[in-house]
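Peer 1: Next one to model:
(chains A and B)
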Amino acid sequence: MKLLIEAIGFGIATGAVIALGAVGFSVQFGISNVLNITYGSMMTLAAFVGYAFLQLNLNVWLVMAVTSVIVAVASVVFNRLLLEPLKRRGTSFVGVIIATVSAGIVLQYVIVAFVGATAHSFGQQSGRTVSALDFVFTTSQLIIIGTTVVLMVGLHVLLTGTKIGRAMRATSTNRTVARACGIRTERIIDFTWLLSGALCGAAGVALAITTVSFDFTLGSSFLIYMIAAAVLGGIGQPYGAMVGGLVVGIASQIAGAYWSPAYQDVIAFVILIIMLLVRPRGLFSTGTANRRLANA
Amino acid sequence: MPTSSADAAPSALATRGLVAGYGDVVVVHGVDVDVQKGRLVTVVGPNGAGKSTLLKAILGLSKVMDGHVMLDGAEVTGQPLELLARRGIGYVPQVDDVFETLRVSENLEMGGYLLDKSERAARLDEVLEIFPALKPKMRRFLGTMSGGERKMTAVARALMLAPRVLVLDEPTAGLSPALTRVVLEEQARVLAHHGKAVLLVEQKAHAALEISDWAYVLVRGSVAKSAPAREVLGDPDMAEIFLGATVRNEGAR
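Peer 2: Numbers count the residues shown, from 1 in each chain, chains lettered A, B, ... in the order given. Sure thing, here's the model as predicted:
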């Protein structure tokens, strides 16, 4: 029982990082209609940008905030310079995905060109250990969980309680009708990439903090967890991705604890396959995003 | 009787020599259209005549190669849809015309996105006076509603910004004959009665012409006939045009 509780504790910590990334990934797809595989490499970029700032002896949480801003801007530039021109030229949905796969690989090797292929580490950032009811967390894990909760609540308030949030929902549901309502959807798309890029940046740094060491494959190897979480929750659904992140995180840690750490990766694939077989719309899907995928 | 729709009154919406298409392909060849306040003007024509391209060019959704689009005399050629919406053009697409995953009330709220809260509430009351049938359905999700109810919501949504001009793209597509009559008579016609300039593009020509003031018959991207709707309805050549047997360009404009 103690092992299970510990695994759940680790799972919540892992799930918080997955949720951070998966929500950004899902929001990006839901609103801009791009399944952006470069997202993983952007997380890697965030980890290395964070690593560079850390060498300046900055506080790690300040590093996370600054890195999020940088990756947010990089995401907008990436969308503006590569993806929007492709879409304007009528490139198919699948064509755009292939472009993001290619761009992700290019970005990975650009990172290698700068920092090499060797492993790097944020060092000892975990802080002291806190335990309660057999749950054991490091202070870093607690801060990451807290940050995730705050960002998710903030995202909820943004989407449901603000004018720009309503415009994001409108753009996500039907872009032409949103435009007919006078909504400047291009600006909304820019804002979406800014927001999702910030989440990607935060997730990249959070992942680097919770990982002993990382290299240029950090984000791409983590991408499957985020895709599994997004599919589980219903791709394009930010709330679904939050729940999906938690489920994938806990399931992978339980698998690792009871069978072998090697099964941690496998469980994400298993969840992905089961969801695609049993409920491809995901748990929280409203149909719009799936129609887009079906029409791709 | 006027010889052109433009003879009746100043046009709320007008095109002059509009040439439009996709890539290098010209689909619409120098079309003049006029829609006045309080009038329902319909563009009809056989499949592939360029009706939708004309409409998309007016709305900034397809490439304008030459010519002009004017809103109350001001040049709006090639302006994006969101800007046209802000300037007073309401648009109801043929399909995907609503926010399907939202409630009726949320659709109308989105329609009034540019308004502040008090303006939006006041405008909502006005729109529901035009379409009282929506009042008991405000909590319904669009995905659960009939085609006619969805179209009514779409038109009501477009009215939230109090547009001077409304552009309806085949509002009866996919509807039964009974619902077609409801949409045309109780929605499109009602809009003109409320002082809107209504431009209707419609495949169901006979039903649309019966409720319209003026008609443009578009054939192969050009206006083959521009006349009062009743006159077009009684024109024996129209059957030929719609069957694609003969194209008569005389009498245009």
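Peer 1: what about B:M110, how many neighbours?
Peer 2: 25 (other C-beta atoms under 10 Å in any protein chain shown). C-beta: built from backbone N, CA, C; applies to glycine.
Peer 1: my bad, should have said A:V23
Peer 2: Neighbours of A:V23 (other C-beta under 10 Å): 31.
Peer 1: same question for stretch A:277-288, mean pLDDT?
Peer 2: Taken as a whole, stretch A:277-288 carries a mean pLDDT of 68.
Peer 1: er, stretch B:235-251 actually
Peer 2: According to the model, stretch B:235-251 has a mean pLDDT of 57.
Peer 1: Residue numbers of the stretch 101-250 of chain A in contact with chain B?
Peer 2: Residues of the stretch 101-250 of chain A lying close to chain B (C-beta under 8 Å from any C-beta of the partner chain) are A:163, A:166-167, A:169-170, A:173-174, A:176-185.
Peer 1: From the residues you listed, keep the buried residues only.
Peer 2: Buried residues within these, defined by neighbour count using 16 or more other C-beta atoms under 10 Å in any protein chain shown: A:166-167, A:169-170, A:173-174, A:176-185.
Peer 1: in the chain, which spans are helices?
Peer 2: Because you didn't say which chain, this covers chain A. With DSSP state H as the criterion, chain A has helices at A:2-32, A:39-54, A:60-78, A:84-88, A:93-115, A:139-161, A:163-173, A:175-180, A:185-210, A:218-233, A:238-258, A:263-278, A:288-295.
Peer 1: Chain B, not that one
Peer 2: Remark: helices assigned in chain B by DSSP H are B:51-58, B:81-87, B:104-111, B:117-130, B:147-159, B:177-183, B:189-193, B:205-211, B:229-233, B:237-243.
Peer 1: I'd like to know which elements the first one is packed against.
Peer 2: In other words, helix B:51-58. Judged by 3 or more C-beta pairs under 8 Å, 6 or more residues apart in numbering or on different chains; DSSP states H and E, helix B:51-58 is in contact with strand B:11-22, strand B:25-36, strand B:40-44, strand B:63-71, strand B:165-169, strand B:197-201.
Peer 1: Compare the ones you listed and report which one is nearest to A:R88.
Peer 2: strand B:63-71 (11.8 Å; C-beta to C-beta).
Peer 1: buried set for the closest one?
Peer 2: B:K63, B:V64, B:M65, B:G67, B:V69, B:M70, B:L71.
Peer 1: Let me know the closest of those residues to chain A.
Peer 2: Chain A has its nearest neighbour among the buried residues of strand B:63-71 in B:K63, at 11.8 Å by C-beta to the nearest C-beta.
Peer 1: residues in contact with the closest residue to A:I8 other than its chain neighbours?
Peer 2: With sequence-adjacent residues excluded and distances taken as C-beta to C-beta, 6 or more residues apart in numbering or on different chains, A:I8 is closest to A:I250, at 5.6 Å. Contacts for A:I250 were tallied using C-beta atoms under 8 Å, 6 or more residues apart in numbering or on different chains; they are A:A7, A:I8, A:G11, A:I12, A:T14, A:G15.
Peer 1: Also B:L114?
Peer 2: Contacts of B:L114 (C-beta under 8 Å, 6+ apart): A:C181, A:G182, B:A85, B:R86, B:L161.
Peer 1: Wait, the third one touches A:T185, no?
Peer 2: Right, the one you point to is B:A85. No: counting by C-beta atoms under 8 Å, B:A85 does not reach A:T185; the two are 11.2 Å apart.
Peer 1: I figured A:Q28 hits A:W193, correct?
Peer 2: Yes: contact criterion C-beta under 8 Å: A:Q28 and A:W193 qualify, at 6.8 Å.
Peer 1: the more surrounded of the two?
Peer 2: A:W193 (29 against 26).
Peer 1: quick one: the more buried one and chain B, what's the gap?
Peer 2: Between A:W193 and chain B the distance is 18 Å, computed by C-beta to the nearest C-beta, to the nearest Å.
Peer 1: Which neighbouring residues are in contact with that residue, exactly?
Peer 2: So A:W193 contacts A:Q28, A:S32, A:A72, A:S75, A:V76, A:F78, A:N79 (C-beta under 8 Å, 6+ apart).
Peer 1: Contact partners for the nearest residue to the second one once chain neighbours are set aside?
Peer 2: Take A:S32 and drop its neighbours on the chain: the residue closest to it by C-beta to C-beta, 6+ apart is A:I189, 5.0 Å away. Contacts for A:I189 were tallied using C-beta under 8 Å, 6+ apart; they are A:I31, A:S32, A:N79, A:E84, A:T171.
Peer 1: which residues sit in contact with the fourth one?
Peer 2: What that stands for is A:E84. A:E84 neighbours (C-beta under 8 Å, 6+ apart): A:I189.
Peer 1: give me that answer again for 10 Å
Peer 2: A:S32, A:V34, A:F78, A:E186, A:I189, A:D190, A:W193 (C-beta atoms under 10 Å, 6 or more residues apart in numbering or on different chains).
Peer 1: If I look at it, what pLDDT would I see?
Peer 2: pLDDT for A:E84: 92.
Peer 1: quick one: low-confidence parts of the stretch 151-253 of chain B?
Peer 2: By pLDDT under 70, the low-scoring segments of the stretch 151-253 of chain B are B:239-253.
Peer 1: Can you name the residues of it sitting close to chain A?
Peer 2: Taking C-beta under 10 Å from any C-beta of the partner chain as the contact definition, the stretch 151-253 of chain B meets chain A at B:A154, B:R157, B:A158, B:M160, B:L161, B:P163, B:V167.
Peer 1: Just send the residues you listed back as JSON lines, with neighbour count and distance to A:T67 too.
Peer 2: Converted to JSON lines, those look like this (neighbours: other C-beta atoms under 10 Å in any protein chain shown; distance: C-beta to C-beta, whole Å):
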{"residue": "B:A154", "neighbour count": "25", "distance to A:T67": "44"}
{"residue": "B:R157", "neighbour count": "27", "distance to A:T67": "41"}
{"residue": "B:A158", "neighbour count": "26", "distance to A:T67": "44"}
{"residue": "B:M160", "neighbour count": "25", "distance to A:T67": "42"}
{"residue": "B:L161", "neighbour count": "24", "distance to A:T67": "41"}
{"residue": "B:P163", "neighbour count": "22", "distance to A:T67": "45"}
{"residue": "B:V167", "neighbour count": "24", "distance to A:T67": "47"}
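Peer 1: Taking these together, which two end up most distant?
Peer 2: B:M160 and B:V167 (15.2 Å).
Peer 1: For B:D72, which non-adjacent residue is closest in space?
Peer 2: Looking at B:D72 with C-beta to C-beta, 6+ apart, the closest residue is B:A12, at 5.9 Å.
Peer 1: burial count for that neighbour?
Peer 2: What B:A12 shows, counting by other C-beta under 10 Å, is a neighbour count of 26.
Peer 1: cool, and the one 5 residues further on?
Peer 2: Number of residues near B:G17 (other C-beta under 10 Å) recorded here: 11.
Peer 1: got the contact list for B:E202?
Peer 2: Contacts of B:E202 by C-beta under 10 Å, 6+ apart are B:42-45, B:51, B:94, B:168-173, B:180, B:184, B:188, B:208-209, B:211-212, B:215.
Peer 1: Please report how far it lies from chain A.
Peer 2: For B:E202 relative to chain A (C-beta to the nearest C-beta), the value is 19 Å.
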